[in-house]
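Engineer: Quick check, what structure comes out for this input:
(chains A and B)
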Protein chains: 2
Amino acid sequence: MAIDNIPESQCDVLIVGAGPAGLMMATWMAHCGIKARIVDKRGTKIFAGQADGLQIRSLEIFDSFGFADRAWKEANHMIEFCMWNPGSDGVIRRSDRVPDVPVGLSRFIEIVLHQGRIERFFLDNIKKYSKDAIRVERGVLPESLTVDASKCDDHSPDSYPLTVKLRHLTEEEATPAQSNGSTIQDGLFRSNLADDDTDDLIRVSQGKEGTSEIVKAKYMVGCDGAHSWTRRQLGFELEGEPTDYIWGVLDIIPITTFPDIRMRCAVHSAESGSLMVIPRENKLVRLYIQLTEIKPDASGRADRSQITPETILKAAQKIISPYTLTYEYCDWWTAYQIGQRVGTNFDHKSRVFLAGDAVHTHSPKAGQGMNVSMQDSFNLGWKLGLVVKGIAQPSILKTYQSERRRIAQDLIAFDHKFSRLFSGKPAKDIMDAEGVSMTEFKQAFLKGNLFAAGLSIDYGTSMLVAKPGDAAEQGDGTDVSATTPVVGNQHLATNIKMGMRFPSFRVLNQASAKSVEFQTRLPSDGRFRLILFAGNPFSSAQKARLEAFCAALAASERLAPHVYRNIDVLTCHSGKRVETELLRDFPEVLRPFDSKTGWDYESVYVDDQSYHNGFGDAYANYGVDREMGCVVVTRPDQYVGLVAALDEGGFGDVEGYFDGVLV
Amino acid sequence: MAIDNIPESQCDVLIVGAGPAGLMMATWMAHCGIKARIVDKRGTKIFAGQADGLQIRSLEIFDSFGFADRAWKEANHMIEFCMWNPGSDGVIRRSDRVPDVPVGLSRFIEIVLHQGRIERFFLDNIKKYSKDAIRVERGVLPESLTVDASKCDDHSPDSYPLTVKLRHLTEEEATPAQSNGSTIQDGLFRSNLADDDTDDLIRVSQGKEGTSEIVKAKYMVGCDGAHSWTRRQLGFELEGEPTDYIWGVLDIIPITTFPDIRMRCAVHSAESGSLMVIPRENKLVRLYIQLTEIKPDASGRADRSQITPETILKAAQKIISPYTLTYEYCDWWTAYQIGQRVGTNFDHKSRVFLAGDAVHTHSPKAGQGMNVSMQDSFNLGWKLGLVVKGIAQPSILKTYQSERRRIAQDLIAFDHKFSRLFSGKPAKDIMDAEGVSMTEFKQAFLKGNLFAAGLSIDYGTSMLVAKPGDAAEQGDGTDVSATTPVVGNQHLATNIKMGMRFPSFRVLNQASAKSVEFQTRLPSDGRFRLILFAGNPFSSAQKARLEAFCAALAASERLAPHVYRNIDVLTCHSGKRVETELLRDFPEVLRPFDSKTGWDYESVYVDDQSYHNGFGDAYANYGVDREMGCVVVTRPDQYVGLVAALDEGGFGDVEGYFDGVLV
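Structural biologist: Next up is the predicted model:
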């Protein structure tokens, strides 16, 4: 069926935009085996500049897909945050040093690496897991979107409610002009190419330039940035205001006497504005520089044509004085005006979704933008994947807006406060009510740190999170309450919080004695996980509880068909490793047999001393009783859905939870 | 100049053989920027089986080239070694568990990964660092070697003492028949291919098949295996004897009730021989199985045609009884007879060298073969590189045989003892003088562990190692003593032993507070390193000593031209990080200035508490006085050349050391 001879095809999920949010979405599609397409109007990937901070939670997510190690190896690691403020003489001096992220939160810390490398890791991972089936189609622009409302509730395999017309741009159209009007990026970025990026410079012509096509899709995700075409088609708005703070950004190799140039720094000068130092990979440093001399006009927008690398550098020199600052090499630069906005809707009829900058914009300095954007589609991807495959109920898709719009609102509140403290003039003394108190700034930084690390995310109650309370109130107002609510027993695992990500501590593989971060056993493969904290296997009462639970699991008509297919099962016991034996001491459902490959040796773990990696003390750290244990259900994104007892009642909770989620 | 119309070309170093020893050599050539060629008669790389154990020191070496992380991620990690022996009833039971490698030796432990993956990492690294200039030329066989003795002492740039005729094999010649006569490897190895290996299956025809060429070379390295063509051309021998122990090897996914199948195990049965379990990557396990029923004939050789995977499995089943053992999937198998032999010569006129199996063969079970082979060429590569570039004196090439033949002799002695203990029948009781005492076996294992880890290597005194004693006695008998010997002061750094590898402890970067393993700052880039343990920078006497030493270094006509070019300079002080400032507290030579990129922030470190990685306590662990410090010289291979005082006398020792080494 072709309209006007335009070729027509079908796909399950169409992703518009191949920045970090779109690439994260495509990564999920690859790992879930979904028929998806991803298009981007730009002709090439990013090679320099743009976003660069990776927070702890993003690294945990990368690790769940298998590429955190690449980022960890190439990036610069942020260790210390130094605060520089004017002394009573008005001269800046270091007033404080604190760890850049709180100690002991995760095996990762915040790192910095330019967006081009991060896109490279995504592209390689998508290629590997989709077996090259999903490729970013560059130079492709959506031109029209039609939603057939009558089909939106029809989840049969051949129902395609969305019709999208795509246009393949010509080479000229796909090559954007330098938005900053400078020759620096163009002049240098090719010399800055990594080896494995070279192929992407050669744009493969597929003979489609200038033509159009029709795509029939089940779902569509608009990851198409702050000026989102998808958002405009749906008629949704971004709500919020620009501010009058204007900032310049320089990615340079600095030549400076400033002693903390390899630390993350916030520098508040007495009269010349503020500056943030972000040391980067290789010898690069990113400077965020407040441009106090450039003011917005009556419309609230600043004239960006006044801004050049030279004007930004001059502003930086004033702030950082008496230290000297120059450079010979500039990798990238830009300027921006902070605006804090959140989308009114993230979701249209559970068929078209918006993610990333399309639904929230804010200042980049807290290193949140790319992270929150990627985490939007990390939240959505598995839900779409499981619904497309007919495994999960379509109602779970509503939790995307409920969970992520609430996060965006929290982010904007955080950014609003942090930006004001960072952009404001330092208080001269405690009588200076207009100025920003540096004590307040430090407190806000420390308090915001957990949020900024991405580890304070706490999704509200829903059919996916079995915690008490009101679903609308805990989310963005969307009703996502379960039809037959299950409420878990949080006190059985005081540090495995329902709604939050499953934290990681070291445990040992029972069969090999290898010490692993337990979270690494929760890869992003689209499966829920039932984690049995089996307690002490040498207490006969506990052993009976464990066996009864496992017998119920193996016999359950509702759960057994999903076990290991859609619900992975992991065990962690608290006995002594050397006194325990996998085949002797654990029921078969915990270490299943395969006639070709024998028993499974990767599912049972123990909280015991290791030879080389110390003692994870996982039960204590997870807040689980070493004798009695408990049961935890994690979602495919590692967020905790349920904590229940390892007994008949708990088994009922587990069944009830999955009744509300799986088909 | 062509002989009989055969094309002729020149290269600095010709490497024959592209197994692990040859690839390590080529890696050095790539990192040193040497014009080298590497040829191999096989048509493709290895894809399964062969050697698989990587000891700690090999991983440290991989890390120095930048690819240990790939091996670490893909490999199986060896945690525990379990010993199984017959009880008084003759039934095997676990008699002991010990850590597979001693705890606390290194950031690495022993890992297992098949040789094909290790070759892949080498090939990728060679490609990257040589910018594709060095490629393995497969299906190429040397046919003749002529050494022009009159040119061997001529080190002028256009002196090429070696003439080698190479023949490019036809496709048929380059594809070896399956040596084990089985279809298993052929039938399965393609399905076992890693993604990044696929390209290597397509052999690029260069139109040279069946033709010959002449190569004029300055140096040649024969890494061409136990039947080395190069060794035979030189008329050198392997000395030693085969034994009558015959072993089978199976790489399988086992289906077994044996509880320790994911541990490294030595199983001594009462009457049926011994078996070693090596758990591998994915679900594979390698079993080394003693074939007691197959005996050598009068010539001392066993008839290998009797041996099939089925006969090996049956032997294993007897040993491991009463546990069951079968498999559905076999990845690779082979059989071998242990022979322990060492080459009479490793070096011909300092122009042709032999490395790896070409000069030592022994049993594979202690996981030494591939490791010692790679370490041969790791020892030789930088020496050749620096001599070719005219940086080092040609006399240092003699240390290759002195250092590595001695190691091979030690290896054979170790293997002889370990093999006898492993292959012998267990003693029935303490009165059984014929049988092997299991206590003795355990002691030998523990004692051999440091050796097996590759960390006990202690090169003798020479112009490269400034320790006291007799050079011939400490090596293999070759005279490698320095013309004007320098003797270092070992007591100034009691755990940085001259002749041994520089150990690694965590230190912090002064400028960024990042915690790093200090050894990672000694990459294999062909440079020596002068490591200043600067002591306490806040003692004025110590500060004066440091400044005097640095002033002498900056002013030295002999050393200054080499500083940072051929001799990297690293500093580690013992002050408080937060009280110290890089630009204020350290002389310029320790953090040099570059007009394009500013100051160097990667050369000064501090032994202090970190936020996330504890306290390395490096001074205590290195055995260096926190006040007074000392100076250490490491060779480009991380072995310690000199320990000296941080004073005038010590500076003289450093000058004297380099006088004996550099041109």
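Engineer: Identify the bridge partners of the residue of the stretch 551-663 of chain A at minimum distance from chain B.
Structural biologist: Closest approach between the stretch 551-663 of chain A and chain B, counting by Cβ to the nearest Cβ: residue A:598, at 3.8 Å. No exception for glycine: its C-beta is placed from N, CA and C like everyone else's. Residue A:598 has these beta-bridge partners by DSSP bridges: residue A:594.
Engineer: ok, it touching residue B:252?
Structural biologist: No - using Cβ atoms under 8 Å, residue A:598 makes no contact with residue B:252, being 9.9 Å away.
Engineer: If you count surrounding residues, which of these two has more?
Structural biologist: Ranked by neighbour count (other Cβ atoms under 10 Å in any protein chain shown), residue A:598 and residue B:252 place residue B:252 first, with 26 against 22.
Engineer: Distance from the strand or helix carrying the more buried one to the middle of the chain?
Structural biologist: Residue B:252 is part of strand B:238-256 when elements are defined by DSSP states H and E. Centroid separation between strand B:238-256 and its chain, computed with Cα atoms, centre = their mean, to the nearest Å, is 22 Å.
Engineer: which strands and helices sit next to it?
Structural biologist: Secondary-structure packing of strand B:238-256 (3 or more Cβ pairs under 8 Å, 6 or more residues apart in numbering or on different chains; DSSP states H and E): strand A:598-599, strand B:285-290, helix B:309-320, strand B:325-343, strand B:360-361, helix B:398-423.
Engineer: relative to strand B:325-343, how tilted is it?
Structural biologist: For strand B:238-256 against strand B:325-343, the angle by axes from the mean of the first three to the mean of the last three Cα atoms, to 10 degrees is 170 degrees.
Engineer: Just the buried positions in strand B:238-256, please.
Structural biologist: Neighbour counts over strand B:238-256 (16 or more other Cβ atoms under 10 Å in any protein chain shown) mark B:238, B:240, B:242-243, B:245-256 as buried.
Engineer: now the residue lying closest to residue A:498 once chain neighbours are set aside: how far from residue A:123?
Structural biologist: Spatial nearest neighbour of residue A:498, excluding adjacent residues (Cβ to Cβ, 6 or more residues apart in numbering or on different chains): residue A:467 at 4.2 Å. Applying Cβ to Cβ, to the nearest Å, the value for residue A:467 to residue A:123 is 37 Å.
Engineer: for whichever strand or helix holds residue A:278, which positions count as buried?
Structural biologist: Assigned by DSSP H and E, residue A:278 falls within strand A:274-279. The neighbour-count check on strand A:274-279 (16+ other Cβ under 10 Å) flags A:274-279 as buried.
Engineer: quick one on the thing from earlier: quick check: mean pLDDT across the strand holding residue B:252?
Structural biologist: Strand B:238-256 comes out with an average pLDDT of 88.
Engineer: any idea which helix or strand comes after it?
Structural biologist: On the C-terminal side of strand B:238-256, the nearest following helix or strand under DSSP H and E is strand B:264-268.
Engineer: what angle separates that following strand from helix B:309-320?
Structural biologist: Using the same axes, to 10 degrees: strand B:264-268 against helix B:309-320 is 80 degrees.
Engineer: could you say what helices and strands strand B:264-268 packs with?
Structural biologist: Short answer (3+ Cβ pairs under 8 Å, 6+ apart): strand B:264-268 packs on strand B:80-86, strand B:274-279, helix B:438-452.
Engineer: roughly how far out does the strand holding residue A:278 sit from the chain middle?
Structural biologist: With Cα atoms, centre = their mean as the basis, strand A:274-279 stands 23 Å off its chain's centre.
Engineer: One more: stretch A:413-426?
Structural biologist: Mean-position distance between stretch A:413-426 and its chain equals 23 Å (Cα atoms, centre = their mean).
Engineer: Okay, buried residues for it please.
Structural biologist: The neighbour-count check on stretch A:413-426 (16+ other Cβ under 10 Å) flags A:414-416, A:418-419, A:421-426 as buried.
Engineer: Give the next helix or strand downstream of the least confident helix or strand in chain A by mean pLDDT.
Structural biologist: The weakest-scoring helix or strand in chain A, judged by mean pLDDT, DSSP states H and E, is helix A:184-188 (a mean of 36). Of the helices and strands lying after helix A:184-188 in sequence (DSSP H and E), the nearest is strand A:212-222.
Engineer: Give me the sheet partners of that following strand and which way each runs.
Structural biologist: Paired strands of strand A:212-222, with direction, are strand A:8-16 (parallel), strand A:162-168 (antiparallel), strand A:352-354 (parallel) (DSSP bridges).
Engineer: Now mean pLDDT and distance to residue B:610 too, for those, in JSON lines please.
Structural biologist: Listed next are the strands paired with strand A:212-222 as JSON lines, based on pLDDT from 0 to 100; distance: least, Cβ to Cβ, whole Å:
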{"stretch": "strand A:8-16", "mean pLDDT": "97", "distance to residue B:610": "41"}
{"stretch": "strand A:162-168", "mean pLDDT": "97", "distance to residue B:610": "52"}
{"stretch": "strand A:352-354", "mean pLDDT": "98", "distance to residue B:610": "42"}
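Engineer: Contacts only, for residue A:339.
Structural biologist: Residue A:339 is in contact with A:240-243, A:361-362, counting by Cβ atoms under 8 Å, 6 or more residues apart in numbering or on different chains.
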